[in-house]
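*Asks:* my questions are about this predicted structure, shown below with the sequence.
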Amino acid sequence: MATLKQLIENIPSGTNHTVAVAAAADLFVLEAISMAVERKMAYFRLYDDENAVTNMIKQNFPQLLNHPDIVLCHVSSQESAAKAAVISVFKKESDILMKGQLATAVLLKAVLNRDYGLRTGSVMSHVAAFEVAGFDRLIFVTDAGMNISPDLSQKVQIIENAVQIARSIGIKKPIVAPLAGVEVINPNMQATLDAAALTAMNQRGQIKNCIVDGPFALDNAISIDAAKNKRIAGKNAGKADILLVPSIESGNILYKSLVFFANAKVGSIVTGAKAPIVLSSRADSAESKLYSLALAIYSSLN
């Protein structure tokens with residue numbers, strides 16, 4: 001699939017997923033839910049002050065009032081909304097967790113709770129799928145939201161998480177480009193050393209179901225012409241499906257550059273937990289939240 005719209009159009013019918021939304025009283029969140037139920041993408045459990053959600057629905061989305069695919073669950077605070085939504089997923093009442101109008105730290109505190117949280121012991125990481133004008137494929141960026149400065153072992157798991165998402169939407173053997181400031185190995189640049197190690201691990205079968213090749217600078221990871229101009233050999237140059245960033249700062253900058261400079265469309269989730277987590281920014285559009293829901297649904301099918 002080359003566009004995020006195709007993700008939505010090709011969701012298998014009868015998936016019957018339920019999404020637990022923590023702090024649902026938000027216009028963009030409710031708009032995304034409205035679009036999702038119209039397309040019969042999922043069922044929803046909305047955790048928030050019931051009066052606040054009901055009033056917002058009455059004023060803006062009256063078609064959602066008493067909708068059979070939506071259940072309102074009253075809670076009195078953001079913290080209790082996060083806890084109740086996470087417990088719903090923990091108890092398998094819901095299949096996907098979605099962030100509403102609350103701080104990421106509040107939701108993650110519940111996700112990481114030892115008694116009812118969603119940790120698996122694996123690294124949780126943020127995976128974003130971008131639709132960028134001029135490209136014939138979706139471009140994945142990881143990790144722009146969870147791991148601050150991942151070491152080699154964590155990068156292996158971040159790759160595995162992203163590969164699972166890419167494969168869930170039909171990319172059978174995604175090409176992973178570990179990014180650095182240059183495309184050659186420099187002993188003084190840890191990102192290049194990690195990239196070389198990850199490439200070798202992939203070649204020896206330690207990282208499966210993908211092709212890892214690097215280090216690459218951004219231009220020659222995604223542009224065949226740029227790779228040719230720099231005389232970079234190899235059949236994978238310029239063809240990356242997944243961009244592995246070296247740190248959260250670089251990932252965050254790349255993510256927001258694509259959105260605000262390139263007007264790219266994006267859907268993103270956190271994976272590596274017991275269930276997919278839609279952890280969109282509170283400033284993300286309803287369309288972006290809808291794409292993120294679609295990505296979470298695909299992830300949970302595999």
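*Replies:* Cool, got the structure.

*Asks:* which SS class is Cys73?
*Replies:* The three-state label given to Cys73 by DSSP: H, G, I helix; E, B strand; the rest coil is strand.

*Asks:* for it, name its beta-bridge partners.
*Replies:* Tyr47 (DSSP bridges).

*Asks:* distance of it from Lys208?
*Replies:* Applying CB to CB, to the nearest Å, the value for Cys73 to Lys208 is 40 Å. From N, CA and C alone the C-beta is placed, and that goes for glycine too.

*Asks:* the more surrounded of the two?
*Replies:* Cys73 (17 against 9; other CB atoms under 10 Å).

*Asks:* relative to Ile185, how far out is the more buried one?
*Replies:* Distance, Cys73 to Ile185, using CB to CB: 53 Å.

*Asks:* show me where the stretch 151-300 of the chain has strands.
*Replies:* 175-178, 211-212, 242-244, 265-271, 277-278 (DSSP state E, counting those that start in this stretch).

*Asks:* tell me which of the ones you listed lies nearest to Val29.
*Replies:* The closest of the strands of the stretch 151-300 of the chain to Val29 is strand 277-278. By CB to CB, the value is 9.6 Å.

*Asks:* between the strands of the stretch 151-300 of the chain, which one is closest to Met124.
*Replies:* Closest approach to Met124 among the strands of the stretch 151-300 of the chain (CB to CB): strand 265-271, 5.6 Å.

*Asks:* which neighbouring elements make contact with the closest one?
*Replies:* helix 4-9, strand 125-131, helix 152-168, helix 248-260, strand 277-278, helix 286-300 (3 or more CB pairs under 8 Å, 6 or more residues apart in numbering; DSSP states H and E).

*Asks:* tabulate the ones you listed (CSV), appending distance to Ala195, mean neighbour count and mean pLDDT.
*Replies:* Below are the helices and strands packed on strand 265-271 laid out as CSV (distance: least, CB to CB, whole Å; neighbours: other CB atoms under 10 Å; pLDDT from 0 to 100):
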stretch, distance to Ala195, mean neighbour count, mean pLDDT
helix 4-9, 28, 18, 93
strand 125-131, 17, 26, 97
helix 152-168, 9, 21, 97
helix 248-260, 13, 16, 95
strand 277-278, 27, 28, 96
helix 286-300, 26, 24, 94
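
*Asks:* partners of the closest residue to Lys239 other than its chain neighbours in the sheet?
*Replies:* Closest residue to Lys239 apart from its sequence neighbours, by CB to CB, 6 or more residues apart in numbering: Ile175 at 5.4 Å. Note on Ile175: beta-bridge partners by DSSP bridges are Ile211.

*Asks:* Ile175: neighbouring residues, count only.
*Replies:* With other CB under 10 Å as criterion, Ile175 counts 20.

*Asks:* confirm Val37 sits in a helix?
*Replies:* Yes: checked against three-state DSSP, Val37 lies within a helix.

*Asks:* residue contacts, it?
*Replies:* 44, 64, 67, 69-70 (CB atoms under 8 Å, 6 or more residues apart in numbering).

*Asks:* for Tyr298, give its distance to Ala144.
*Replies:* Tyr298 is 19 Å from Ala144, by CB to CB.

*Asks:* sorry, slip of the keys, the one I care about is Val53.
*Replies:* On the measure of CB to CB, Val53 and Ala144 end up 30 Å apart.

*Asks:* please apply the same query to Ile87.
*Replies:* From Ile87 to Ala144 the distance is 28 Å (CB to CB).

*Asks:* who's more crowded, these two?
*Replies:* Ala144 (24 against 19).

*Asks:* I'd assumed the more buried one was in a helix, is it?
*Replies:* No: counting by three-state DSSP, Ala144 falls outside a helix, being coil.

*Asks:* right, I'll call it a day here.
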